[in-house]
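Asker: Next come a sequence and a model predicted from it.
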Amino acid sequence: MSKKDLQDVLPPTVDSDEETVSDVDSDAEPEDERMIVAAVEEEVLGVSDKDNKMTDLEERTKAILERASQSKNPKVNAMYARWQKKWFDFVKKNKVDDIFNDLNMVAFFDELLNYQPSTLWVAYSCINSWYKLNHNLNLNTWGRLREYLKNRTKDYIANKAATFSNEEIDKAVLMYFSSGDERDLLKSVTILLAYYGLLRMADLMKIKAKDVMYNKKERCYQVVFNYKRKRRNAGLTYLIPACYNVIMERYISQLRETKCKAKNVRFLRNYNIKAHARLQNAGKTNMGKFAKETAKDLNLEEAKYSNHSWRRSGATNLADSGCSRTNLKRHGQWQSDAVAEGYIANSRPLRLEKMNMLKPDRLKKEDKEKERKLEAENLLNALGVARKPSTQVMEIFMEKPEKVELLPDKILSQLEVDSSDEEPKKKKAKVGVAKEDVADLRAKAGGPMYSNCHVTINYVGQK
């Protein structure tokens, strides 16, 4: 194959800041890509498989290894072939006579100045795959090459998508639902599916109508996701809070009214105003704008948000709520600890723990007094005290809450308690026979629980 013929069949070179699987043309045939790489390799090295005179066993073994190394995803195969072709183009252009010299590989990566450091490792992995398959050589043994790549990436800080808080997620979902625009309803449902499932945008595109159903036991909607994800993980099932049932019911009812005979019908579909139905599958381009639009509607910096913000928001809020690293990996379907630790490292519980442990004893004592005072106020509010208690009452509660039984009559007479719903008049309380458990009152007040603590109250005119 001549150089001119190669140029006719080779795909055009595209310069981008970051190489991803989605950047590769989905129509590319992996078989054609491998033939192109093989042709370039033969021209550069001047050696073909026929010249090697392999035995039948060696040929069969190589074919088995090639099939095993090929991914089922054609986009991934095309990406591998693209980077291998770039390497052989460099070899041909610079007349490299030794492709097993790591310094030549260093020179190749040094020319990739327009790519992000993270993309260099992607290229390294793709080229390393070719060496392992064809020459049983792992580039991890090339110390100088790996040291060069590490130096290129050591000062690199990835720009990660900003996150939404729990309140902002809830506000956005209700805001779009109450807007009255059926097109905004798609935003509400998309946010719910992506946030509570910690899904990527590619995962959302796989959800079908049959995957979303009502769970009678939990009284809310659940999503069963059994599709192949970015990594080979088992499927997952997650729930949407019951408070959003009305949103899910309204959207699903619109899908039922729309009769579509097309194949691969997605759950997320655009709303057609003229037909008053959801006729078309929601595309990645349209849904990819939802995060920035939501940030803009919430008066946030939209430039910092992307379609990955939903997944990062779910993981970050789980970590802030005290979720363990093991459970966080389960929820996010991560295999490595490094990714999970990225969310836990700066989570709110760890920040508060660090601050409280480094405080001087003086501040620790003040915080403890504030907590005890708040505890006493919560208990008195649960008892129905209409006004702030006297200093003497607060001191007794703060010293030991169960000493409420020892309050003097003078202080108890100052506590105005609503005795019943039928008689709204406030009556004075005295120490007597009727008993109410302090644990129940503390549960209502949201304070801590104490055992063996009781309040003895006698309501005047009531048995």
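Answerer: Right, received. Where do you want to start?
Asker: domain assignment for this structure?
Answerer: Domains of the chain are assigned by automatic domain parsing as 3-153, 166-350, 369-459.
Asker: Tell me, please, the helix or strand in this protein that averages the lowest pLDDT.
Answerer: Ranked by mean pLDDT, DSSP states H and E, the helix or strand of the chain with the weakest confidence is helix 3-9, at a mean of 40.
Asker: In the chain, which helix is the longest?
Answerer: helix 361-383 (DSSP state H).
Asker: Which other helices and strands does the helix or strand where residue 355 lies contact?
Answerer: Using DSSP states H and E, residue 355 sits within helix 348-358. Packing contacts for helix 348-358, counted by 3 or more C-beta pairs under 8 Å, 6 or more residues apart in numbering; DSSP states H and E, involve helix 309-320. For the C-beta atoms, the positions are set from N, CA and C on the backbone; glycine is no exception.
Asker: Quick check: the gap between the closest residue to residue 301 other than its chain neighbours and residue 217.
Answerer: Nearest residue to residue 301, sequence neighbours excluded (C-beta to C-beta, 6 or more residues apart in numbering): residue 295, at 6.7 Å. Using C-beta to C-beta, to the nearest Å, one gets 36 Å for the distance from residue 295 to residue 217.
Asker: Where do the strands of the stretch 101-250 of the chain begin and end?
Answerer: Remark: strands assigned in the stretch 101-250 of the chain by DSSP state E, counting those that start in this stretch are 212-215, 220-225, 236-240.
Asker: highest average neighbour count across these?
Answerer: Among the strands of the stretch 101-250 of the chain, ranked by average contacts under mean count of other C-beta atoms under 10 Å, first place goes to strand 220-225 (a mean of 18).
Asker: Now do that one against strand 236-240, angle only.
Answerer: Here strand 220-225 points in a direction 150 degrees away from that of strand 236-240 (axes from the mean of the first three to the mean of the last three C-alpha atoms, to 10 degrees).
Asker: Which secondary structure state is assigned to residue 95?
Answerer: coil (DSSP: H, G, I helix; E, B strand; the rest coil).
Asker: roughly how far apart are it and residue 104?
Answerer: The gap separating residue 95 from residue 104 is 11 Å, by C-beta to C-beta.
Asker: what do you get for residue 57?
Answerer: Distance from residue 57 to residue 104, counting by C-beta to C-beta: 32 Å.
Asker: Settle it for me: which of those two has more neighbours?
Answerer: residue 104 (17 against 8; other C-beta atoms under 10 Å).
Asker: The more buried one is in contact with residue 88, isn't it?
Answerer: No - counting by C-beta atoms under 8 Å, residue 104 sits too far from residue 88 to count as a contact (11.9 Å).
Asker: What ranges does the stretch 201-350 of the chain have for its helices?
Answerer: 201-204, 245-257, 284-287, 290-297, 309-320, 325-332, 337-344, 348-358 (DSSP state H, counting those that start in this stretch).
Asker: what's the angle between the fifth one and helix 325-332?
Answerer: Using the same axes, to 10 degrees, one finds that helix 309-320 and helix 325-332 are set 160 degrees apart in direction.
Asker: rewinding a little: contacts only, for the residue nearest to residue 301.
Answerer: Residues in contact with residue 295, defined by C-beta atoms under 8 Å, 6 or more residues apart in numbering, are 162, 164, 301, 302, 304, 305, 309.
Asker: Could you export the residues you listed to JSON lines, including columns for pLDDT, neighbour count and distance to residue 272?
Answerer: Conversion of these to JSON lines gives the following (pLDDT from 0 to 100; neighbours: other C-beta atoms under 10 Å; distance: C-beta to C-beta, whole Å):
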{"residue": "162", "pLDDT": "89", "neighbour count": "19", "distance to residue 272": "32"}
{"residue": "164", "pLDDT": "93", "neighbour count": "25", "distance to residue 272": "29"}
{"residue": "301", "pLDDT": "91", "neighbour count": "10", "distance to residue 272": "33"}
{"residue": "302", "pLDDT": "90", "neighbour count": "17", "distance to residue 272": "27"}
{"residue": "304", "pLDDT": "91", "neighbour count": "15", "distance to residue 272": "33"}
{"residue": "305", "pLDDT": "93", "neighbour count": "24", "distance to residue 272": "28"}
{"residue": "309", "pLDDT": "92", "neighbour count": "23", "distance to residue 272": "28"}
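Asker: Export those residues to CSV and append columns for distance to residue 205.
Answerer: Formatted as CSV, the contacts of residue 295 follow (distance: C-beta to C-beta, whole Å):
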residue, distance to residue 205
162, 23
164, 21
301, 27
302, 23
304, 24
305, 19
309, 17
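Asker: Would you mind pulling up the elements that the longest helix of the chain packs against?
Answerer: helix 391-399, helix 438-445.
Asker: distance of residue 274 from residue 265?
Answerer: Applying C-beta to C-beta, the value for residue 274 to residue 265 is 20 Å.
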